[in-house]
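Engineer: Sequence plus predicted model, see below.
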Amino acid sequence: MSVINSDTTILEKEPERAATSRPASLARRIGGLSDRAIAWLFITPTIALLLAINIFPLIWAVRLSFTNYRANRPNAVVESVGLQNYQRVLTDSDIWIAMQTTAHFVLWTIVLQTLIGFALAYLIDRKFRGHAFWTTVILIPMMLSPAVVGNFWRFLYQPQIGLFNYIVSYVTGVPPSSFEMLGSVSLAPWSIIIVDTWMWTPYVMLICLAGLRSIPDYIYEAAEVDRASAWRQFWSITIPMALPFIMLAVLFRGIENFKMFDMVMLLTGGGPGSTTEVASITLKREAFESWRTGRASAFAIILFVAVFGLANIYVKALNRVKQR
Amino acid sequence: MSNATSAHSVVEPSTTTKRIAGIIVVLYAIITMVPLAWIFMTSFKSPPDSISYPPKLVFTPTLEGYCNLFTTRTRQTPEYIQSLGPPQSTCDEITRSRNMVIAGPSNYWPRFTNSMVIAFGSTFLAVFLGTLAAYGFSRFRVPLADDLLFFILSTRMMPPIAVAIPIYLMYRELGLSDTALGMILLYTAVNVSLAVWLLKGFMDEIPREYEEAAMIDGYTRLQAFRKVVLPQATTGIAATAIFCLIFAWNEYAFAVLLTSGTAQTAPPFIPTIIGEGGMDWPAVAAGTTIFLVPILVFTILLRKQLLRGITFGAVRK
């Protein structure tokens, strides 16, 4: 029916290798390199690069996480400390606060982006004149560099001169210098959520749009024949059939925002105080400011396991929704 | 709203529905464009205009922001400036009107060049390696291929800072810190997992029968790959290349941690642009505008491939 409902379930790949052995004999008969040689010739460079720059450093990080290594003292004696780093990370209240801050961001950005993104996708799917052009316009923010654009949002958020404050005060009547988006404890998290939503709603919209377009017309036609109201059609056809796509968009945004770094770094740098200090910022402080490389590695691995575990649980739920 | 009143098709929304939907979407699009329009406008403002209250919509455009972006300047006495000959260029004239003289070029252009070299270099490598590997994974039985691919792709779930810790140590040992080569290799490695994943999907869609027919006609497999599979995969390769390019162009976290001087790219550099006594916002806006333009052009020119890639990549993952 749709791409997502085909045999490509998430995290499990299609088992369609039955026919692979057939062309092998063919090629050998004709001459040239054997298929086996070509397969290795084609795959080895990529594997080698990934081993060197992905896998090897990862193993190294695992090893470091059991030591007291500090990257700013390369010549100091490195001692094994067992599980102490992990224990320290998991009992560190600052880290738990950072995790809560991260969860707060992930939750709100997902809620806003899903609501706005789905609404936009639904409206675009009404196929008004020029919808293709406006879709492209809406996409533009997500193509841009979060760091470079985030840096400029700092200007828009300036208390007196910033455009954002000016517009808010124009609309609400609050004096433009009476609130500081980046400097106040209560508003700083929202300033980041606003920029993230501005930037990434189009992404959610696109995936929702793919979902809406995968719903075959005949289902709606059948509903019309049955005299189902537009409202009824929306809740019993549109939403359930687009749900796997919406959930997918939520998953991707969740993973991305769990790692959120660029924008926070440039907008608030984790401040004021540590109100917007998300996990990535804490990790950066541990690793590249306090130079506790061992402990930072342990934290990194905990983060990885957490995202990976949560994503897998979520995917199980998603697959159950798809099978319904 | 949309119901059986429309005669031609039951699923076709009514004209009113379409009009309302259109108005809301266009409004949203315009609102999201405001920050970008503001960046563009600010880049042509003079520094006093850029920080005026209320924010100025109408102003006299000047190239001061662009001049300040590309030059470093020193303050001089008016007498000294008077003693100089006639200004050499528009920038010279603007700078002198602020009682300053141009001391030399700024670091913006070298940083921009670094961004180009690193983004295009890593994109080329990632797509090249990715195409070969995707073909290999798509057509031959490779032991543990799927698990391997998935594990590699899942390392993208790690926060970039977490990846950067061991890379930082490794690059320090290998002398790759702050080199374009190091950044190209790193971005290639990050992108290649996605490239293989996306391209394998595209390759799986190309029927095997095409190559088999070509091979029966006397092509070797390599020839069949070059003359039959590659032309068929062009759209997929283009879509993948745009993704790799956008990632490498926009990337900040690795760049800020692993480059500081000679190999620094534009994203970590632009936020460090400051003027005399505070941020020089027109210069920042100018740097941002120049940096965003290539991606804007790409987005508009290649929107079809881009759309296909985003939904395809997402749905496949």
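Structural biologist: Happy to help now that I have it.
Engineer: just the helices in the stretch 1-150 of chain A please.
Structural biologist: Secondary structure of the stretch 1-150 of chain A (DSSP state H, counting those that start in this stretch): helices located at A:22-30, A:35-50, A:56-64, A:84-91, A:93-124, A:131-143, A:146-156.
Engineer: Low-confidence stretches in the chain?
Structural biologist: Reading this off chain A. Applying pLDDT under 70 to chain A flags residues A:1-32, A:324.
Engineer: My question was about chain B, not that one.
Structural biologist: For chain B (pLDDT under 70), the answer is B:1-11, B:277, B:312-317.
Engineer: re the thing from before, out of the helices of the stretch 1-150 of chain A, deepest packed?
Structural biologist: Highest mean neighbour count among those (mean count of other C-beta atoms under 10 Å in any protein chain shown): helix A:146-156, with a mean of 24. (Each C-beta comes from the backbone N, C-alpha and C, glycine too.)
Engineer: Contacts for the following helix or strand past it next, please.
Structural biologist: Using DSSP states H and E, the helix or strand that follows helix A:146-156 towards the C-terminus is helix A:163-172. Helix A:163-172 has contacts (C-beta atoms under 8 Å, 6 or more residues apart in numbering or on different chains) with A:153, A:156-159, A:174-179, A:181, B:34-35, B:38, B:53-55.
Engineer: Pull the CA coordinates from helix A:163-172 and hand them back as CSV.
Structural biologist: Extracted in CSV, the C-alpha atoms of helix A:163-172 (Å, rounded to 0.1, in the frame of the first residue of the first chain):
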residue,chain,number,x,y,z
LEU,A,163,12.7,42.2,16.0
PHE,A,164,11.1,39.4,18.0
ASN,A,165,10.7,41.5,21.1
TYR,A,166,9.4,44.4,19.0
ILE,A,167,6.7,42.2,17.3
VAL,A,168,5.7,40.7,20.6
SER,A,169,5.4,44.0,22.3
TYR,A,170,3.5,45.4,19.2
VAL,A,171,1.0,42.6,19.4
THR,A,172,0.6,42.4,23.2
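Engineer: in it, what's buried?
Structural biologist: A:163, A:164, A:165, A:166, A:169 (16 or more other C-beta atoms under 10 Å in any protein chain shown).
Engineer: again, but for stretch A:185-204
Structural biologist: Quick answer for stretch A:185-204 (16+ other C-beta under 10 Å): A:187-189, A:191-204.
Engineer: same deal with stretch B:136-143?
Structural biologist: B:136, B:137, B:138, B:139, B:140, B:142.
Engineer: Quick one: the helices in the stretch 101-250 of chain B, in order.
Structural biologist: Counting by DSSP H, counting those that start in this stretch, the helices of the stretch 101-250 of chain B are B:108-139, B:145-154, B:160-174, B:180-205, B:208-216, B:221-224, B:230-232, B:234-250.
Engineer: Output those as CSV; include the columns distance to residue A:217.
Structural biologist: Formatted as CSV, the helices of the stretch 101-250 of chain B follow (distance: least, C-beta to C-beta, whole Å):
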stretch, distance to residue A:217
helix B:108-139, 32
helix B:145-154, 34
helix B:160-174, 43
helix B:180-205, 24
helix B:208-216, 31
helix B:221-224, 39
helix B:230-232, 30
helix B:234-250, 26
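Engineer: List the contacts of the closest residue to chain B within the stretch 201-324 of chain A.
Structural biologist: Taking C-beta to the nearest C-beta as the measure, the stretch 201-324 of chain A has residue A:300 as its residue closest to chain B, at 3.3 Å. Residues near residue A:300 by C-beta under 8 Å, 6+ apart: A:61, A:65, A:283, A:287, B:158, B:159, B:161, B:162, B:165.
Engineer: hang on, the earlier thing: for the helices of the stretch 101-250 of chain B, give me a markdown table that also has distance to chain A.
Structural biologist: Formatted as a markdown table, the helices of the stretch 101-250 of chain B follow (distance: least, C-beta to the nearest C-beta, whole Å):
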| stretch | distance to chain A |
| --- | --- |
| helix B:108-139 | 4 |
| helix B:145-154 | 4 |
| helix B:160-174 | 3 |
| helix B:180-205 | 4 |
| helix B:208-216 | 6 |
| helix B:221-224 | 5 |
| helix B:230-232 | 13 |
| helix B:234-250 | 4 |
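Engineer: of all these, which lies closest to residue A:223?
Structural biologist: helix B:180-205 (31.9 Å; C-beta to C-beta).
Engineer: on that earlier part again, I'd like to know which of the contacts of residue A:300 is nearest to residue B:218.
Structural biologist: residue B:158 (47.7 Å).
Engineer: Next, the buried residues of stretch B:59-72.
Structural biologist: B:59, B:62, B:63, B:64, B:65, B:66, B:67, B:68, B:69, B:70, B:71.
Engineer: returning to that earlier point: what is the nearest of the buried residues of helix A:163-172 to residue A:118?
Structural biologist: Closest to residue A:118 out of those is residue A:164 (25.2 Å), distances taken as C-beta to C-beta.
Engineer: For that closest one, give its distance to residue A:149.
Structural biologist: To residue A:149, residue A:164 is 13 Å away according to C-beta to C-beta, to the nearest Å.
Engineer: which ones are touching the residue nearest to residue A:39 when sequence neighbours are not counted?
Structural biologist: In space, and not counting its chain neighbours, residue A:39 is closest to residue B:140: 3.8 Å by C-beta to C-beta, 6 or more residues apart in numbering or on different chains. Residues near residue B:140 by C-beta under 8 Å, 6+ apart: A:20, A:35, A:36, A:38, A:39.
Engineer: For the residues you listed, work out which two are farthest apart.
Structural biologist: A:20 and A:38 (12.9 Å).
Engineer: Isn't residue B:199 up against residue B:236?
Structural biologist: Yes. If you go by C-beta atoms under 8 Å, residue B:199 and residue B:236 touch, sitting 5.7 Å apart.
Engineer: wait, does stretch A:121-141 contact chain B?
Structural biologist: Yes. Interface with chain B: stretch A:121-141 contributes A:123-124, A:126-131, A:134-141 (C-beta under 8 Å from any C-beta of the partner chain).
Engineer: and that stretch, C-alpha only, in PDB?
Structural biologist: The C-alpha coordinates for stretch A:121-141 follow below in PDB (Å, rounded to 0.1, in the frame of the first residue of the first chain):
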ATOM      1  CA  ALA A 121       0.600  18.900   5.900                       C
ATOM      2  CA  TYR A 122      -3.200  18.500   6.100                       C
ATOM      3  CA  LEU A 123      -3.800  21.900   4.700                       C
ATOM      4  CA  ILE A 124      -1.200  21.400   1.900                       C
ATOM      5  CA  ASP A 125      -2.800  18.100   1.100                       C
ATOM      6  CA  ARG A 126      -6.000  20.100   0.200                       C
ATOM      7  CA  LYS A 127      -3.900  20.800  -3.000                       C
ATOM      8  CA  PHE A 128      -4.800  24.500  -3.400                       C
ATOM      9  CA  ARG A 129      -3.200  26.300  -6.300                       C
ATOM     10  CA  GLY A 130       0.500  26.900  -5.800                       C
ATOM     11  CA  HIS A 131       0.800  24.400  -3.000                       C
ATOM     12  CA  ALA A 132       4.100  23.000  -4.400                       C
ATOM     13  CA  PHE A 133       5.700  26.400  -4.400                       C
ATOM     14  CA  TRP A 134       4.700  27.200  -0.900                       C
ATOM     15  CA  THR A 135       5.800  23.800   0.300                       C
ATOM     16  CA  THR A 136       9.300  24.600  -0.900                       C
ATOM     17  CA  VAL A 137       9.200  28.000   0.800                       C
ATOM     18  CA  ILE A 138       8.200  26.400   4.100                       C
ATOM     19  CA  LEU A 139      11.000  23.900   3.800                       C
ATOM     20  CA  ILE A 140      13.800  26.500   3.700                       C
ATOM     21  CA  PRO A 141      14.500  26.900   7.400                       C
END
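Engineer: All set now, cheers.
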